[in-house]
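# Here's a sequence, model it:
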Amino acid sequence: MAINLSESAADRIRHFLSKEGGVGMRVGVKKTGCSGFAYVVELADAVRSDDAVFEDRGVKVLVDSASLSYLDGMTIDFAQEGLNEGFRYENPNVRSLCGCGESFGI
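You can find the predicted model right below:
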């Protein structure tokens, strides 16, 4: 099991953690949208008992046990293009994407 971060994603998460505090970034999935699932991302104040904890580039990524099988092997990147910026997810488990890019199927 692994969750990986690009250097730009790790830098961005460190930036958020230095401003807001916390132990790392929590990543999960929720059922939604036309394709089935969407990513849920937030800063984590604490490690929960059902969290798997991954550390890459000095940053902790926490994943709840219900989301873990959907995210295993994923790489998180951060990109800026013009005025748009955000995290991007390279998830080997995704089999389909909705047309608007907001949800995915596994």
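# mind listing what the closest residue to Asp72 other than its chain neighbours touches?
Leaving out its chain neighbours, the residue that sits closest to Asp72 by Cβ to Cβ, 6 or more residues apart in numbering is Met1, at 5.1 Å. For the C-beta atoms, the positions are set from N, CA and C on the backbone; glycine is no exception. Residues in contact with Met1 (Cβ atoms under 8 Å, 6 or more residues apart in numbering) are 52, 54, 68, 72.
# and those residues, which are buried?
52, 54, 68 (16 or more other Cβ atoms under 10 Å).
# In this structure, which residue is most central in space?
Geometric centre of the chain, nearest residue: Val27, 4.1 Å, by Cα atoms, centre = their mean.
# Looks like it contacts Asp72 (just checking).
No: contact between Val27 and Asp72 fails when scored by Cβ atoms under 8 Å: they sit 11.6 Å apart.
# partner residues bridging Met25?
Beta-bridge partners recorded for Met25 (DSSP bridges): Leu43, Val61.
# What are the boundaries of the helices in the chain?
Here the chain has its helices, by DSSP state H, at 7-20, 65-71.
# Any idea which of those helices gets closest to Val40?
helix 65-71 (8.1 Å; Cβ to Cβ).
# Could you report the separation of Phe54 from Gly28?
If you measure Phe54 against Gly28 using Cβ to Cβ, to the nearest Å, the figure is 13 Å.
# Give me the common contacts of these two.
Val63.
# Please report how far Gln80 lies from Arg57.
Gln80 is 18 Å from Arg57, by Cβ to Cβ.
# Kindly report the same for Thr32.
Thr32 is 29 Å from Arg57, by Cβ to Cβ.
# likewise Phe37?
With Cβ to Cβ as the criterion, Phe37 and Arg57 are 26 Å apart.
# How about Gly105?
29 Å.
# Ile76 pairs with what?
Under the criterion used (DSSP bridges), Ile76 bridges to Leu5, Tyr89.
# Start at 47, not 1
Shifting the count to begin at 47 puts that one at Ile122.
# so what's it up against?
Residues near Ile122 by Cβ under 8 Å, 6+ apart: 49-52, 55, 73, 107, 133-136.
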